[in-house]
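Peer 1: dropping a prediction and its sequence here:
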Amino acid sequence: MEFQIIWFVLWAVLWAVYFMLDGFDLGVGMLHRFIGRNDAERGAIMGSIGPVWDGNEVWLLTAGGATFAAFPTTYALMFSYLYTALLLILFSLIVRGVSIELRGKEEGAIWRRNWEYAFAVSSFLPALLFGVAFGNIFRGLPMDADGYHGSLLSLLNPYGLLTGVFFVLLFVMHGALWIGFKTSGDIGERASRLAHKIWYPLLLAAVAFLVMTGYETGLYSNFMNTPPLFIVPVIAVAALLGIKIFLARQALLQSFASSCVLILLVTFTGVIGLFPNLIPSSIDPRYSLTIFNSSSSPYTLKIMTVVALIFVPIVIAYQSWNYLVFKKKIDPADIKRGGVY
């Protein structure tokens with residue numbers, strides 16, 4: 001039981017860190033054609049994530065691998081029940097990586113424009129579909145002893161779509177703030193102005209999400225049973241307000257840090273509400289997948305814990321070094337002088 005809880009916490013941390021890091025990559029992808037007004041500016045925006053985007057996706061691989069190793073039954077049934085949605089996410093992530101790498105391989109305007117559109121679409125779809133998937137997990141999937149009774153269309157219910165829109169707006173805000181402090185000149189100013197505008201629909205989506213969560217899910221029961229847990233969503237709300245406050249002061253780095261905290265704590269709020277479920281059943285709670293009925297053996301979890309204690313700090317260290325090395329702001333003039341993007 002002890003290691004099952006430990007791995008539930010680690011599972012939550014891995015997903016939260018993935019959304020925090022790859023979230024701004026996805027946001028940059030969705031925004032780069034809106035903020036960049038010419039080839040050099042769009043190249044500079046893409047170049048701002050060039051050294052880090054693939055490293056950020058390591059956390060997705062780790063989260064998926066941890067699910068497979070720690071909770072194999074959940075992994076198997078999740079990829080069975082949500083196969084089409086997860087396959088669309090996979091294809092989108094492949095196209096996104098290819099578009100980043102291939103955009104700068106030719107000088108033709110049509111070549112570059114097509115890869116830019118591919119980059120934008122393949123950034124939007126994962127953001128939306130991750131939100132829809134987690135919204136349906138929070139809501140519970142229609143599963144019982146006879147298996148799963150839903151379809152791809154059934155996932156597109158109002159609450160799932162609202163969660164998808166919420167995720168898109170979270171990542172768009174995150175990406176705008178990243179562009180704002182990571183690029184110089186007019187690009188950063190346009191990104192800052194856009195972030196100001198995005199904040200209001202993000203606030204509306206957050207309020208709608210909190211209200212509908214109370215009606216559509218059982219996520220609040222753990223918080224009601226253990227009131228000190230409310231500190232997590234309360235800090236998340238403070239972080240959302242902090243984004244606007246720091247934007248008003250033109251403190252873009254601090255605003256981006258507030259956005260990081262917001263994404264982390266929104267994820268933790270959802271996962272805390274799920275506990276001990278991983279995928280609840282909307283038909284009969286007896287058929288919910290929990291950390292207790294879908295986990296690996298205690299011996300496997302013990303070995304995994306030792307491995308995680310060794311290698312997760314190494315991953316954090318090399319990613320921190322990578323961000324430190326490439327901390328300089330991106331200037332469109334650098335792209336004109338022969339940058340890759």
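Peer 2: Nice, I can see it.
Peer 1: what about residue 318, which SS state?
Peer 2: The three-state label for residue 318, taken from DSSP: H, G, I helix; E, B strand; the rest coil, comes out as helix.
Peer 1: how about the nearest residue to it, chain neighbours excluded?
Peer 2: residue 55 (7.9 Å; C-beta to C-beta, 6 or more residues apart in numbering). (Glycine included, C-beta is placed from N, CA and C.)
Peer 1: which of the residues in the biggest helix by length in the chain are buried?
Peer 2: Among the segments of the chain that qualify as a helix by DSSP state H, the longest is helix 2-35. By neighbour count, and taking 16 or more other C-beta atoms under 10 Å as the criterion, the buried residues in helix 2-35 are 3-4, 6-8, 10-32, 35.
Peer 1: again with stretch 316-330
Peer 2: Going by neighbour count (16+ other C-beta under 10 Å), the buried part of stretch 316-330 is 319, 330.
Peer 1: what does stretch 236-253 give?
Peer 2: Taking 16+ other C-beta under 10 Å as the neighbour-count basis, stretch 236-253 is seen to contain the buried residues 236, 237, 239, 240, 242, 243, 244, 246, 247, 252.
Peer 1: what are the contacting residues of it?
Peer 2: Here stretch 236-253 makes contact (C-beta atoms under 8 Å, 6 or more residues apart in numbering) with 173, 177, 180-181, 188, 192, 195-196, 199, 202-203, 206, 254-255, 258-259, 261-262, 265-266, 269.
Peer 1: dump the buried residues of stretch 236-253 to a markdown table, plus pLDDT, distance to residue 226 and secondary structure.
Peer 2: As requested, these are exported to a markdown table (pLDDT from 0 to 100; distance: C-beta to C-beta, whole Å; DSSP: H, G, I helix; E, B strand; the rest coil):
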| residue | pLDDT | distance to residue 226 | secondary structure |
| --- | --- | --- | --- |
| 236 | 96 | 17 | helix |
| 237 | 95 | 18 | helix |
| 239 | 97 | 21 | helix |
| 240 | 96 | 23 | helix |
| 242 | 96 | 25 | helix |
| 243 | 96 | 28 | helix |
| 244 | 95 | 30 | helix |
| 246 | 95 | 31 | helix |
| 247 | 93 | 34 | helix |
| 252 | 91 | 36 | helix |
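Peer 1: looking at those, which one is closest to residue 107?
Peer 2: Nearest to residue 107, judged by C-beta to C-beta, of the buried residues of stretch 236-253 is residue 252 at 32.3 Å.
Peer 1: show me what contacts residue 284?
Peer 2: Residues residue 144 are the ones in contact with residue 284 under the rule C-beta under 8 Å, 6+ apart.
Peer 1: ok so, going back, confidence score at the residue nearest to residue 318?
Peer 2: On pLDDT, residue 55 comes in at 87.
Peer 1: go on, residue 94?
Peer 2: Looking at residue 94, its pLDDT reads 93.
Peer 1: so is it in a helix, a strand, or just coil?
Peer 2: helix.
Peer 1: distance of it relative to residue 25?
Peer 2: 14 Å (C-beta to C-beta, to the nearest Å).
Peer 1: got it, and residue 288?
Peer 2: In this view, residue 288 and residue 25 are 33 Å apart by C-beta to C-beta.
Peer 1: do the same with residue 8
Peer 2: The value you get for residue 8 to residue 25, if C-beta to C-beta is used, is 26 Å.
Peer 1: cool, residue 72 as well?
Peer 2: Residue 72 sits 29 Å away from residue 25, going by C-beta to C-beta.
Peer 1: then residue 237?
Peer 2: Shown here: residue 237 relative to residue 25, a distance of 25 Å by C-beta to C-beta.
Peer 1: again with residue 324
Peer 2: Relative to residue 25, residue 324 is positioned 18 Å away (C-beta to C-beta).
Peer 1: ranges for the strands of the stretch 51-200 of the chain?
Peer 2: 143-144, 147-148 (DSSP state E, counting those that start in this stretch).
Peer 1: rebuild these as TSV, extending it with mean pLDDT and distance to residue 273.
Peer 2: Shown next, in TSV, are the strands of the stretch 51-200 of the chain (pLDDT from 0 to 100; distance: least, C-beta to C-beta, whole Å):
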stretch	mean pLDDT	distance to residue 273
strand 143-144	90	19
strand 147-148	86	22
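Peer 1: export these to a markdown table and tack on mean neighbour count?
Peer 2: As requested, the strands of the stretch 51-200 of the chain are exported to a markdown table (neighbours: other C-beta atoms under 10 Å):
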| stretch | mean neighbour count |
| --- | --- |
| strand 143-144 | 17 |
| strand 147-148 | 14 |
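Peer 1: to residue 87, which of the ones you listed lies closest?
Peer 2: For the strands of the stretch 51-200 of the chain, distance to residue 87 was read as C-beta to C-beta. The smallest value, 15.5 Å, belongs to strand 147-148.
Peer 1: ok, residues contacting that closest one?
Peer 2: 77, 80, 81, 141, 142.
Peer 1: if we use 6 Å, what do you get?
Peer 2: Contacts of strand 147-148 with the rest of the structure, by C-beta atoms under 6 Å, 6 or more residues apart in numbering, involve residue 81.
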